[in-house]
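**Q** Pasting the sequence and the predicted coordinates here, then a few questions.
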Amino acid sequence: MIKKNAANVDLISGMMFFCILILTIFFGFRITQYMVTSAIAEDALAASNLASAVIDVEEYGRTHRLWIADGKRAFEIYKDALQSNMKLDTQLYSSNNDLILGQVQIKEYIVYNVNGQDIEIEVYDGNGTLTFAGMGREGDVFTPDGICVENTTIYSKIGFEVVGLAGQSFAGEKEKSIDIARWNSE
């Protein structure tokens with residue numbers, strides 16, 4: 001009788017261990033998916049910001065000032081690059097529903113043009129509409145992700161839904177700043 005109870009205890013313990021192992025593997029897989037989605041979004045933001053950093057070449061040739069003359073055009077380039085980099089359709093819906101659900105929203109796009117101590121700030125919404133234009137001084141202007149603006153800079157922020165557990169989804173956001181600095185070989 002004691003051997004039979006011990007065998008039952010071993011069987012139940014083994015099944016519990018197996019279930020815990022399966023759950024751990026499942027959660028590990030989900031965490032890996034979140035990390036991959038985060039890395040893809042961050043890389044796509046950096047590449048898209050860089051693509052939109054189209055300076056006025058004539059201005060640079062005359063004054064060596066790095067200046068983004070047309071913020072609206074820069075936003076359009078950014079949006080096209082984001083579509084390509086994240087494999088989104090023209091309405092910004094993801095083609096890979098295993099990582100991102102539904103539509104990616106462009107939450108904010110900001111161009112910081114530096115001219116000496118002065119910083120011109122242009123803020124665009126997700127539709128490319130200019131929502132704010134203002135000025136700041138070097139040392140006083142920071143991007144929303146906490147970077148002090150010292151050179152012409154592009155900042156962007158996106159939001160998206162990621163696949164969760166048991167059919168749920170979770171909101172995710174990514175933001176990135178890149179600055180454009182003149183290279184000196186001296």
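**A** Structure received. Residues are numbered from 1 along each chain as shown.
**Q** elements contacting the longest helix seen in the chain?
**A** Across the chain, the longest stretch assigned as helix under DSSP state H is helix 2-52. Judged by 3 or more C-beta pairs under 8 Å, 6 or more residues apart in numbering; DSSP states H and E, helix 2-52 is in contact with helix 71-86, strand 152-163, strand 169-180. In short, each C-beta sits where N, CA and C put it, glycine included.
**Q** I'd like those written out as TSV, with mean pLDDT, distance to residue 114 and mean neighbour count added.
**A** Shown next, in TSV, are the helices and strands packed on helix 2-52 (pLDDT from 0 to 100; distance: least, C-beta to C-beta, whole Å; neighbours: other C-beta atoms under 10 Å):
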stretch	mean pLDDT	distance to residue 114	mean neighbour count
helix 71-86	96	14	19
strand 152-163	93	5	22
strand 169-180	91	9	17
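**Q** Format those as CSV; extra columns: distance to residue 105.
**A** Listed next are those as CSV, based on distance: least, C-beta to C-beta, whole Å:
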stretch, distance to residue 105
helix 71-86, 11
strand 152-163, 5
strand 169-180, 9
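**Q** The longest helix of the chain vs helix 71-86, what angle?
**A** With axes from the mean of the first three to the mean of the last three C-alpha atoms, to 10 degrees as the basis, helix 2-52 and helix 71-86 are set at 150 degrees to each other.
**Q** shaky segments in this protein?
**A** Within the chain, the segments meeting pLDDT under 70 span 1-7, 166, 182-186.
**Q** Residue 37 is nearest to which of the helices and strands packed on helix 2-52?
**A** Of all the helices and strands packed on helix 2-52, strand 152-163 sits nearest to residue 37, with 5.6 Å by C-beta to C-beta.
**Q** hmm, back to that, what's downstream of the longest helix of the chain, the next helix or strand?
**A** helix 57-63 (DSSP states H and E).
**Q** which one's the longest strand in this structure?
**A** strand 100-115 (DSSP state E).
**Q** Packing partners of that strand?
**A** If you count contacts as 3+ C-beta pairs under 8 Å, 6+ apart, strand 100-115 packs onto helix 71-86, strand 118-124, strand 152-163, strand 169-180.
**Q** Nearest to residue 59 among those would be which one?
**A** strand 152-163 (10.9 Å).
**Q** ok, what's across the strand from residue 152?
**A** residue 180 (DSSP bridges).
**Q** I'd guessed it sits against residue 55; true?
**A** Yes - judged on C-beta atoms under 8 Å, residue 152 makes contact with residue 55 at a distance of 7.3 Å.
**Q** Need the overlap of contacts for the two.
**A** By the contact definition C-beta atoms under 8 Å, 6 or more residues apart in numbering, residue 152 and residue 55 are jointly contacted by 66, 67, 68, 180.
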